[in-house]
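Return atomic coordinates for the entry below.
(one chain, ligands or ions: 1)
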Amino acid sequence: MDSTIQICRLTKIYDKKVAVDHLTLSIRRGEIFALLGVNGAGKTTTIRMLSCLTRPDDGDAYLLGNSIKTGEKRVKGCIGVSPQETAIARNLSVRENLELMAGVHGIGRSDAKEKVSEMIRLCSLEEMERKKAKTLSGGWQRRLSIAMALIGDPQILFLDEPTLGLDVLARRELWSVIRGLKGRATIILTTHYLEEAESLSDRIGIMKDGKLCAVGTDVELKQKSGTSNFEEAFVRLAKGGDLQ
Ligand SMILES: Nc1ncnc2c1ncn2[C@@H]1O[C@H](COP(=O)(O)OP(=O)(O)OP(=O)(O)O)[C@@H](O)[C@H]1O
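Numbering: from 1, shown residues only. The predicted structure follows:
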């Protein structure tokens with residue numbers, strides 16, 4: 001299997017709370033992979049460890065062959081992250097935020113202009129290009145955050161709850177942006193919206209108490225849990241666990 005991310009017994013313990021418990025999983029090149037789970041299941045902690053923001057207590061993960069423990073610099077060079085708390089400069093315009101991020105990635109001035117325009121097109125930000133970030137609605141801010149995460153051409157993109165708090169229309173629009181990224185990067189997203197995981201992702205992993213209790217396509221997960229309804233499948237898997 002052509003795996004881009006190999007997670008081996010990855011573990012994080014906060015005080016006595018095991019947030020991520022010996023998680024083992026591989027994610028294939030080019031796929032959109034959704035991590036689902038109830039509140040506190042360990043999704044964000046997993047993403048934070050994979051993006052070298054939180055250090056694991058045990059286990060390891062390899063991104064394009066680079067260990068998150070010993071190859072932090074190389075890992076950071078191949079990922080883009082759009083976190084839950086969007087890290088945008090509120091007083092700068094959409095274009096200025098992207099130019100700033102291009103500078104962080106060491107893209108020279110003349111190339112940066114071109115690159116920023118490409119990201120604006122890719123994330124359909126044209127009509128907001130000159131607007132200050134603080135005046136944008138949540139959905140537009142999230143698009144900007146994704147464009148910023150993509151500017152260094154990462155091979156792996158992490159999206160932590162990309163449509164949290166967005167209305168139905170903004171969510172659907174963001175889905176089409178995310179779908180448009182398919183093939184450009186391997187995408188790992190966390191979400192609470194079951195229809196989002198079902199509609200966007202190639203495979204879905206369901207976490208419970210820091211463990212992966214099931215992984216597969218939406219069809220496979222429905223089969224495993226003996227139902228044709230994905231919400232019901234999620235409830236059965238997240239409650240019962242260990243149907244993998
Ligand atoms: N910095 C921290 N210090 C202490 N405990 C933490 C910390 N971060 C997370 N936890 C705990 O670890 C567990 C997993 O949290 P995490 O945020 O990874 O879950 P999640 O699946 O992303 O949840 P949510 O869907 O609510 O965002 C929770 O019990 C949480 O309280």
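
I'd like to know which residues of this structure are adjacent to the ligand.
Tyr14, Lys17, Ala19, Gly37, Asn39, Gly40, Ala41, Gly42, Lys43, Thr44, Thr45 (CB under 6 Å from any ligand atom). All C-beta spots, glycine's among them, are computed from the backbone N, C-alpha and C.

could you flag which of those residues are buried?
Ala19, Gly37, Ala41, Gly42, Lys43, Thr44, Thr45 (16 or more other CB atoms under 10 Å).

Please report phi then psi for the first one.
Main-chain torsions, Ala19, degrees, to the nearest 10: phi -80, psi -40.

got a list of what it touches?
Ala19 is in contact with Lys12, Ile13, Gly42, Thr45, Gly210, counting by CB atoms under 8 Å, 6 or more residues apart in numbering.

related to what we said a few turns ago, find the pair from the residues of the chain next to the ligand with maximum spatial separation.
Tyr14 and Gly37 (16.5 Å; CB to CB).

May I ask which two of the contacts of Ala19 are separated the most?
The span of those, defined through CB to CB, is set by Ile13 and Gly42 at 11.0 Å.

quick one: average pLDDT of the helix or strand where Cys8 lies?
In this structure, Cys8 sits in strand 3-14 according to DSSP states H and E. Here strand 3-14 scores 95 as its mean pLDDT.

Then stretch 162-179?
Computed over stretch 162-179, the average pLDDT equals 88.

Show me what counts as buried in it.
Pro162, Thr163, Leu166, Ala170, Arg171, Glu173, Leu174, Trp175, Val177, Ile178.

In space, what's closest to the fourth one - neighbours in sequence excluded?
Read that as Ala170. Gly139 (3.1 Å; CB to CB, 6 or more residues apart in numbering).

Could you give the number of residues near the one you found?
Gly139 sits with 20 neighbouring residues when counted by other CB atoms under 10 Å.

pLDDT score assigned to it?
pLDDT at Gly139 comes out at 87.

which other helices and strands contact the one helix or strand it maps to?
Using DSSP H and E, Gly139 sits within helix 138-150. Packing partners of helix 138-150 (3 or more CB pairs under 8 Å, 6 or more residues apart in numbering; DSSP states H and E): strand 79-82, helix 94-104, helix 109-122, strand 156-160, helix 168-180.
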